[in-house]
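Participant: here's a sequence, model it:
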Amino acid sequence: MTTETPWWKTAVVYQIYPRSFADSNGDGIGDLPGIIDRLDHLAGLGVDVLWLSPVYPSPQDDNGYDISDYQDIDPVFGTLADFDRLLAAVHERGMKLVMDLVVNHTSDEHPWFLESRSGRDSPKRDWYWWRAEPNNWGSFFSGSAWELDRASGEHYLHLFSRKQPDLNWENPEVRQAVYAMMRWWLDRGVDGFRMDVINAISKAPGLPDGEVRNGSRYGDGSPHYLCGPRIHEFLQEMHREVFAGRTERILTIGEMPGVTVDQAKRFTDPERREVDMVFQFEHVGLDRGEGRFDVRPLRLTDLKASLGAWQDGLNSTGWNSLYWNNHDQPRIVSRFGDDRSEHRVRSATMLATVLHLHRGSPFIYQGEELGMANAPFERLDDFRDIESLNHYAEAVAAGADPEQILSALRVAGRDNARTPMQWDAGPNAGFTTGLPWLPVNPDHVEINAAAAVADPDSVYHHYRRLIDLRHTEPVVAHGDFTMLMPDDEQVYAFTRRYRATELLVLGNFSGSPASVPVPADWEGAETVIANVSGTGRLPSTLTLAPWEARVHRRTRGRG
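Facilitator: Here you go, the predicted structure:
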């Protein structure tokens, strides 16, 4: 294994949800030419890597995460020629492009599944999981994880939508078909993959029943399919078959729900040749009870304990991904910050500062750099996401109060992340000249890219300064991490140290002033980044304003 520091340790990744990013042809849905038209916005921000959510052909049951052809582009997004133009334009600007790899499941309209479904004697029957008597597993999207195929009298497994049947990775033909597809994209020039729920591809032998809890009709099968018995074997085989021997350094990101710190250390240990980093969900589950829509207040001490454990656990081996937002999460400024106009910029920039100064690779989700917030959804008809709609139907059928369920959807639903990108104050926020597939947030009149780029004190420019700091100050990417004030419920504080340089990071996670005991040896440290004016050098006594963030630097007499 090479000792060279991987390029992605100083990189910042920007996730694009193509359906909602930029529409070039007025059909109300974002597309690849629209992304090309907006690349200079991302180059100006300074990001290094673009991650595209799926753009493959799909019936769009789960907005493209149900793929019917892995080696083409859905016409709603453009063509393969458009993709090649996008890839070339990304590379011309010195950025890289990562594809979303969704290989735990396909669409039920994929030719592989159509062949598998054609009869019990099909050569591809065991490319998927078929059972005459299914187990009791529940789906992530409500209901049973099994769907009856009436023609054959057997059920097929789908951990997500019934239109997303799970591939059977026990079959070596399945694995080789996936690896061939991955090589095809790499040969085309892409720079890596973000691997959707990749730790679900290995299922326990016999598919045993899951434990039934809290009066559910279904069992929790996750102990039998998350980080299953052959997961390391499969990922190591993938590395040998797809990535080994390539001269370029490919980035691999494994999305792994339920993964622990100790498991992540194994997955991201460079000597094991599995994945470069994992996407884990512990910190974004801290404001939830039994599920996504069981919302509760965040305790800052819980957040510190979670993120601190991941910092400590992957300090010497492995690597962290750092994120607040993605296409599956509500907007962070509405969730952990304050999206009211008087506090939005400061809370958004505080959250950015705290996250980006951790050790790991930061991920920015489209619109996060503008301070985009949750949408004001009013009625059930305003929602589009299958997870939210299925949850509402199941909960109301079980006797829940419809208005309470709607309230939970407004706070926690995935549609909050999917409202169109807010480019300007004009009609439809400059996203489309047509009818947008999901309504634009009406706050785009104030919160938009054109206004943010023109304002040096905007959320956009704060993100740009944070990215520049990571690129120019080695301690940000490579320094040790030490949590301070772990029991404080208002202030998130930590230090980073690399060789002779140290950083002190402070963030007030509240709308009230917060006193911070400044260590005597930090007095007079220079301000590197702050989201309030006139900070100067660090005083001996400090009171942070509501949502204030600041980063101070000092140089010690050691190398």
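Participant: pull the residues that contact whichever strand or helix holds Trp310.
Facilitator: Using DSSP states H and E, the element containing Trp310 is helix 300-313. Residues outside helix 300-313 that contact it (Cβ atoms under 8 Å, 6 or more residues apart in numbering): 261-262, 264-265, 280, 282-283, 286, 320, 336, 358-360, 481, 483, 486-490, 492, 494, 509. Yep, even glycine has a C-beta here, placed from its N, CA and C like the rest.
Participant: what's the answer for stretch 419-426, then?
Facilitator: In contact with stretch 419-426 (Cβ under 8 Å, 6+ apart) are residues 20-23, 30, 38, 366-367, 370, 372, 375, 428-432, 436, 438-441, 443-451.
Participant: before we move on, back to that, sitting in helices, which of the contacts of helix 300-313 do you find?
Facilitator: Val261, Asp262, Ala264, Lys265 (DSSP state H).
Participant: looking at it, the first one is touching Leu314, isn't it?
Facilitator: Spelled out, it's Val261. Yes. Counting by Cβ atoms under 8 Å, Val261 touches Leu314, with 7.1 Å between them.
Participant: out of those two, which sits in the more crowded spot?
Facilitator: More neighbours surround Leu314 than the other of Val261 and Leu314, with 21 against 18 (other Cβ atoms under 10 Å).
Participant: check what pLDDT that one gets.
Facilitator: As predicted, Leu314 sits at a pLDDT of 94.
Participant: who's in contact with it?
Facilitator: Val261, Ala264, Lys265, Thr268, Asn320, Arg359, Gly360.
Participant: can I have the buried ones of these as a ChimeraX selection?
Facilitator: ChimeraX command restricting the contacts of Leu314 to the buried ones, with burial defined by 16 or more other Cβ atoms under 10 Å:
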select :261,264,265,268,320,359,360
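Participant: as JSON lines, the ones in helices among the contacts of helix 300-313 with pLDDT would be great.
Facilitator: JSON lines is the format used below for the ones in helices among the contacts of helix 300-313 (pLDDT from 0 to 100):
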{"residue": "Val261", "pLDDT": "96"}
{"residue": "Asp262", "pLDDT": "95"}
{"residue": "Ala264", "pLDDT": "96"}
{"residue": "Lys265", "pLDDT": "96"}
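Participant: what subset of the contacts of stretch 419-426 is buried?
Facilitator: Buried among the contacts of stretch 419-426 (16+ other Cβ under 10 Å): 20-23, 30, 38, 366-367, 370, 372, 375, 428-432, 436, 438-441, 443-444, 447-449, 451.
Participant: list phi and psi for Gly94.
Facilitator: In terms of degrees, to the nearest 10, the main-chain angles of Gly94 are phi 80, psi 20.
Participant: repeat that for the one 5 residues further on.
Facilitator: Note on Met99: backbone dihedrals following degrees, to the nearest 10 are phi -90, psi 150.
Participant: just give the nearest non-adjacent residue to the residue positioned nearest the centre of the chain, would you?
Facilitator: In the chain, the centroid-proximal residue (Cα atoms, centre = their mean) is Asn326; its distance is 3.9 Å. Among residues not flanking Asn326 along the chain, Tyr365 sits closest, at 5.1 Å (Cβ to Cβ, 6 or more residues apart in numbering).
Participant: what about the one you found, how many residues nearby?
Facilitator: So Tyr365, with other Cβ under 10 Å, has 24 neighbours.
Participant: contact partners for it?
Facilitator: Tyr14, Gln15, Tyr17, Tyr323, Trp324, Asn325, Asn326, His327, Gln329, Ala417.
Participant: please report how far it lies from Arg470.
Facilitator: 17 Å (Cβ to Cβ, to the nearest Å).
Participant: where exactly do the helices run in the stretch 51-200 of the chain?
Facilitator: 80-92, 111-117, 172-188 (DSSP state H, counting those that start in this stretch).
Participant: show the model's pLDDT score for the closest residue to Asp443 other than its chain neighbours.
Facilitator: Excluding the flanking residues, the one nearest Asp443 by Cβ to Cβ, 6+ apart is Ala373, at 6.5 Å. Per-residue confidence (pLDDT) for Ala373: 96.
Participant: go on, the one 5 residues further on?
Facilitator: Per-residue confidence at Glu378 stands at 84 (pLDDT).
Participant: rewinding a little: and the helix holding Trp310, how far out from the chain's middle?
Facilitator: Relative to the centre of its chain, helix 300-313 is centred 18 Å away, using Cα atoms, centre = their mean, to the nearest Å.
Participant: run through the strands of the stretch 251-400 of the chain in chain order.
Facilitator: For the stretch 251-400 of the chain, applying DSSP state E, counting those that start in this stretch gives strands covering 251-255, 277-279, 321-322, 361-365.
Participant: quick one on the thing from earlier: helices - which of the contacts of stretch 419-426 land there?
Facilitator: Per DSSP H, the contacts of stretch 419-426 map to helices at Ala449, Ala450, Ala451.
Participant: pipe these into TSV and attach pLDDT and distance to Thr535 per row.
Facilitator: Below are these laid out as TSV (pLDDT from 0 to 100; distance: Cβ to Cβ, whole Å):
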residue	pLDDT	distance to Thr535
Ala449	98	27
Ala450	98	28
Ala451	98	25
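Participant: using CSV, write out every CA atom in the worst-scoring helix or strand of the chain on mean pLDDT.
Facilitator: Taking mean pLDDT, DSSP states H and E as the measure, the chain has helix 402-412 as its least confident helix or strand, at a mean of 81. Taking Å, rounded to 0.1, in the frame of the first residue of the first chain, the C-alpha atoms of helix 402-412 are listed here in CSV:
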residue,chain,number,x,y,z
PRO,A,402,-53.4,12.8,10.4
GLU,A,403,-52.4,16.4,11.4
GLN,A,404,-49.7,15.1,13.8
ILE,A,405,-48.3,12.9,11.0
LEU,A,406,-48.3,15.9,8.6
SER,A,407,-46.4,17.9,11.3
ALA,A,408,-43.7,15.2,11.5
LEU,A,409,-43.4,15.1,7.7
ARG,A,410,-42.9,18.8,7.6
VAL,A,411,-40.0,18.6,10.0
ALA,A,412,-38.3,15.3,9.0
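Participant: the closest residue to Gly524 other than its chain neighbours: neighbour count?
Facilitator: For Gly524, ignoring the flanking residues on the chain, the nearest one in space by Cβ to Cβ, 6+ apart is Arg537 at 4.9 Å. Residues lying near Arg537 (other Cβ under 10 Å) number 11.
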